[in-house]
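J.: how would this look folded up:
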Amino acid sequence: MTSNPAPDPRPARRGAGDSPGSRRTRQTRLREGLAPRRFRRPSRKTLAWSAGVLGVLVVAVAILIAVWDWNWFRGPVARMASARMHREVSITGNLDVHPWSWQPSATVDGVHIANPDWASKEGLADIDRIAVQIRLLPLLAGHVDLRLLRFDRPNVRLFRDAQGRMTWDFSDGRDKDAPLRLPPIRTFIIEDGKLAYDDVKRNLKFAGAINAREKLGADNRGFEMSGVGALNRQPFKLAITGGPLLNIDRDKPYPFDADLRAGDTYVTARGAVPKPFDLARFHMNVTARGPDLSDLYAITGIALPNTPPYALHGRLSRDNLVWRVAGLAGRVGDSDLAGDASVTLGRDRPLLKADLTSNSLDFDDLGAIFGGAPSTKPGETASAGQKVVAEEMIRKQTLLPDSTLKVDRIRSIDAEVSYKALSIRDAPIHLKAASARVDLKAGLLRAEPLALDLPQGRVSGYVQLDARKAQPVTDLDLRLANGRLEQLVPVSFQGSTPYAGSLVGRAKLTGTGDSVHRAFANANGEVLLVAPTGEIRESIAQLMGVNVIKGLGLFLNKNQKTTPIRCGVARFQAVNGLLTADHIVFDTGPTLVTGSGAVNMDTERLDFKLEGHPKKFQLVRVDLPITVGGTLLAPKVGVQTGKAFGQGGAGLALASVLSPLAAVLPFLDPGLAKDANCAALLADGAGQGAPVKSARPGPPKAR
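T.: Take a look at the predicted model:
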């Protein structure tokens, strides 16, 4: 029997690398009679077996690489692409990959990308071959650097339907406005590319060729895309060229030029992409000219107003989802225009923001905005189409344009626009300046505050167009404060204006229709005009009486004497487009003028009758009521002669029975007319919203 040796009473020697835990482990092993573990070198036999297994694996991998067919992955790759693009992608040709390189590459033949279910079965794109080569080292650092990107004979067919759905929208409804971001492409080749574009919503068709041939030497032409088509049934041409694509530096801007012609619209641009090819950010200097800014909708997708012919330039830039135009300047019609604008995408509707100014506004240029036309007189600027509209309005003798508003475009965009006209010329009344703030949201357009500055006084209020309904509804509420009769109704009499005084008023109307004319043709509301104070040439006041002897005497002597205007009030009720004034009052010192009438906004015809009543006895008074007829565009002032003939007939009858003196009796007027109750009339006008208190006392003398 062998006994266990006695343990060594000396403590184990602790080495430099020993820890208390390892020391306890050795002691435990010693107590258990076990020897400490030691590293043993593998035997030659083990090494031989290991080398043999490794060699077999290397040979197996080499054989696998030699016989590997990457076409086994065509199905999985196509399914992955289909999931990413939300439409079917198929690969009918070879898939070849070369991964064992510092610049791995791959080629794929016969790629077909189908359209979404709602589009045609022809497909979005067919590409004979795609070749890609990528640099591995930049990829390990987090940068994608394509050494080669090549497309052979790509045939791309883009389509947008009337609802705005796009076959090239791979976002599945999310971030559809996200910009395209591509990494730097050292060698970019497109051989015999074809692009077809059909946009039903914008009425635009295009068919073109795309080529990017990169060669060293003089023939290195860079990127080229050119083609022809039709825009609004007008010829459409597009040409885009880019700089050489060899040795692209992601920190060096990539230059490009663009040239677009669509009918009479011509756009040129020269710009650069700061970080090729991150198309989320680029800038260009743009020059554009054409017959109507609204024509740019088909190109930009932004609903711009109708305008006369324009010529504008500015710096256009993109910063992710925001497009900006800085330093906008040029002319629209015969008016100058300057300012800044931006459009923000990525919303339910694009948001247009603009701050615009005109140093000199030609007032008739505004006609095109409301569906009419600018002036077509010699020296004025108008397009061929606008001249046709103007000729038709002249032929029909209409003032209100009847062109149908494109409410679908109004519903397609939101806007916040401020505009100022520092001076105005060629207005029907003397206007000094104008300003407006226009807000458009979800089809509701409101111009408020809206202000038109007169030499004295201002027209202010708001105009609203509700295009959210099937038929647009227009509301307006405008107030005339502190106006002047002599400036707003500038009638010339004996070489000067025969009256002067304050004029205030309010127009509050609501109408339904998809044109300015149709909205006014069924408008309801009220229009009120009040002349709180003033003065008028006495000869005019007497003739309105009609005091033939005194009025003609003052008239023939060119007497400049004036008499007060105590007050004047005209109140119109609008019902279904018919503005009716049952009681018109114009009270002067010697005469009280009353009348009635109507304005038919559908036919734009006037029908008024005004009659003067003398306040004092008149020896000879001819009863000749004043009439106003014709149209808004061409009013006609006349006199109603029927009563005058009746007076003459009665005088002849009396003369034959009594005496020649009796012949003048029908022309005598006892002067029973009383002063109008101006205080009550003015109070009623103020109650209806007319800013009567704004009228300035003490008008200047009539000239």
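
J.: C-alpha only now, for contacts and for neighbours.
T.: Will do.

J.: separation between residue 412 and residue 406?
T.: Plainly put, residue 412 is 10 Å away from residue 406 if you go by Cα to Cα, to the nearest Å.

J.: for residue 154, that is, sorry about that
T.: Distance from residue 154 to residue 406, by Cα to Cα: 37 Å.

J.: and what of residue 383?
T.: 19 Å.

J.: Also residue 529?
T.: 34 Å.

J.: ok, these two, which is more surrounded?
T.: Taking neighbours as other Cα atoms under 10 Å, residue 529 and residue 406 compare with residue 529 leading, 21 against 14.

J.: Residues in a beta bridge with the more buried one, which ones?
T.: residue 505, residue 570 (DSSP bridges).

J.: wait, it sits on residue 508?
T.: No - under the criterion of Cα atoms under 8 Å, residue 529 is not in contact with residue 508, lying 11.9 Å apart.

J.: center of the chain - which residue?
T.: Centrality entry for the chain: nearest residue to the mean C-alpha point is residue 304, 3.6 Å, by Cα atoms, centre = their mean.

J.: Flag the shaky bits of this structure, pLDDT-wise.
T.: 1-68, 172-179, 213-221, 245-248, 491-496, 539-560, 615-624, 639-703 (pLDDT under 70).

J.: What are the boundaries of the helices in it?
T.: 20-31, 44-67, 74-85, 136-140, 297-300, 384-396, 407-411, 485-488, 516-521, 538-543, 548-556, 642-657, 678-687 (DSSP state H).

J.: and residue 102, how many neighbours?
T.: 10.

J.: go on, residue 390?
T.: 23.

J.: what residues are up against it?
T.: Residues near residue 390 by Cα atoms under 8 Å, 6 or more residues apart in numbering: 372, 373, 374, 375, 376.

J.: Check the separation of the first and last residues in stretch 394-409.
T.: End-to-end distance (Cα to Cα), stretch 394-409: 28 Å.

J.: gap between that stretch and the chain center?
T.: 19 Å (Cα atoms, centre = their mean, to the nearest Å).

J.: got the contact list for that stretch?
T.: Contacts of stretch 394-409 (Cα under 8 Å, 6+ apart): 303, 370-372, 393, 443, 467, 472, 514-518, 604, 631-634.

J.: what comes up buried for it?
T.: 397, 398, 399, 400, 401, 402, 403, 405, 407, 409 (16 or more other Cα atoms under 10 Å).

J.: could these go into CSV alongside distance to residue 432?
T.: Shown next, in CSV, are the buried residues of stretch 394-409 (distance: Cα to Cα, whole Å):
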residue, distance to residue 432
397, 28
398, 26
399, 22
400, 23
401, 25
402, 28
403, 29
405, 29
407, 32
409, 32
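
J.: which one among the residues you listed gets closest to residue 102?
T.: residue 409 (52.9 Å; Cα to Cα).

J.: Please enumerate the strands of the stretch 401-550 of the chain.
T.: 414-421, 424-425, 433-441, 444-453, 458-466, 473-484, 499-512, 524-531, 534-537 (DSSP state E, counting those that start in this stretch).

J.: mind putting the ones you listed in JSON lines, distance to residue 74 included?
T.: What follows is those, written out as JSON lines (distance: least, Cα to Cα, whole Å):
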{"stretch": "strand 414-421", "distance to residue 74": "46"}
{"stretch": "strand 424-425", "distance to residue 74": "69"}
{"stretch": "strand 433-441", "distance to residue 74": "49"}
{"stretch": "strand 444-453", "distance to residue 74": "52"}
{"stretch": "strand 458-466", "distance to residue 74": "55"}
{"stretch": "strand 473-484", "distance to residue 74": "58"}
{"stretch": "strand 499-512", "distance to residue 74": "61"}
{"stretch": "strand 524-531", "distance to residue 74": "70"}
{"stretch": "strand 534-537", "distance to residue 74": "92"}
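
J.: Would you mind measuring from residue 277 to residue 252?
T.: 11 Å.

J.: The two: who's more crowded?
T.: More crowded of residue 277 and residue 252, by other Cα under 10 Å: residue 277, with 19 against 12.

J.: Next up, phi/psi of that one, please.
T.: phi -110, psi 60 (degrees, to the nearest 10).

J.: Return the residues in contact with it.
T.: Taking Cα under 8 Å, 6+ apart, one finds 181, 182, 183, 184, 185, 250, 254 in contact with residue 277.

J.: CA atoms only for stretch 71-90, dumped as PDB, please.
T.: What follows is stretch 71-90, C-alpha atoms only, in PDB (Å, rounded to 0.1, in the frame of the first residue of the first chain):
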ATOM      1  CA  ASN A  71     -26.900  32.500 -62.300                       C
ATOM      2  CA  TRP A  72     -28.100  30.500 -59.300                       C
ATOM      3  CA  PHE A  73     -28.600  33.900 -57.600                       C
ATOM      4  CA  ARG A  74     -30.700  35.500 -60.400                       C
ATOM      5  CA  GLY A  75     -33.900  34.600 -58.700                       C
ATOM      6  CA  PRO A  76     -33.000  35.900 -55.200                       C
ATOM      7  CA  VAL A  77     -31.500  39.100 -56.700                       C
ATOM      8  CA  ALA A  78     -34.600  39.800 -58.800                       C
ATOM      9  CA  ARG A  79     -36.900  39.200 -55.800                       C
ATOM     10  CA  MET A  80     -34.800  41.500 -53.600                       C
ATOM     11  CA  ALA A  81     -35.000  44.200 -56.400                       C
ATOM     12  CA  SER A  82     -38.800  43.600 -56.800                       C
ATOM     13  CA  ALA A  83     -39.300  44.100 -53.000                       C
ATOM     14  CA  ARG A  84     -37.300  47.400 -53.100                       C
ATOM     15  CA  MET A  85     -39.000  48.800 -56.200                       C
ATOM     16  CA  HIS A  86     -42.500  47.600 -55.400                       C
ATOM     17  CA  ARG A  87     -42.900  46.100 -58.800                       C
ATOM     18  CA  GLU A  88     -41.700  43.000 -60.600                       C
ATOM     19  CA  VAL A  89     -38.100  42.800 -61.700                       C
ATOM     20  CA  SER A  90     -36.800  39.900 -63.800                       C
END
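
J.: Please identify the buried residues of it?
T.: Of the residues in stretch 71-90, those buried (16+ other Cα under 10 Å) are 71, 74, 77-79, 81-82, 85-90.

J.: quick one: which of those is nearest to residue 258?
T.: Using Cα to Cα, the buried residues of stretch 71-90 come closest to residue 258 at residue 85, 29.1 Å.

J.: Residue 338 versus the closest one, what's the distance?
T.: 42 Å.

J.: what does residue 236 give?
T.: Relative to residue 338, and taking Cα to Cα, residue 236 is found at 28 Å.

J.: Repeat that for residue 522.
T.: 37 Å.

J.: what's the answer for residue 383, then?
T.: 21 Å.

J.: cool, residue 358 as well?
T.: 6 Å.

J.: Who has more neighbours out of these two?
T.: Shown here are residue 358 and residue 338; by other Cα under 10 Å, residue 358 has more neighbours (23 against 20).

J.: Can you verify my assumption that residue 364 contacts residue 428?
T.: No - using Cα under 8 Å, residue 364 is not in contact with residue 428; the gap is 9.0 Å.
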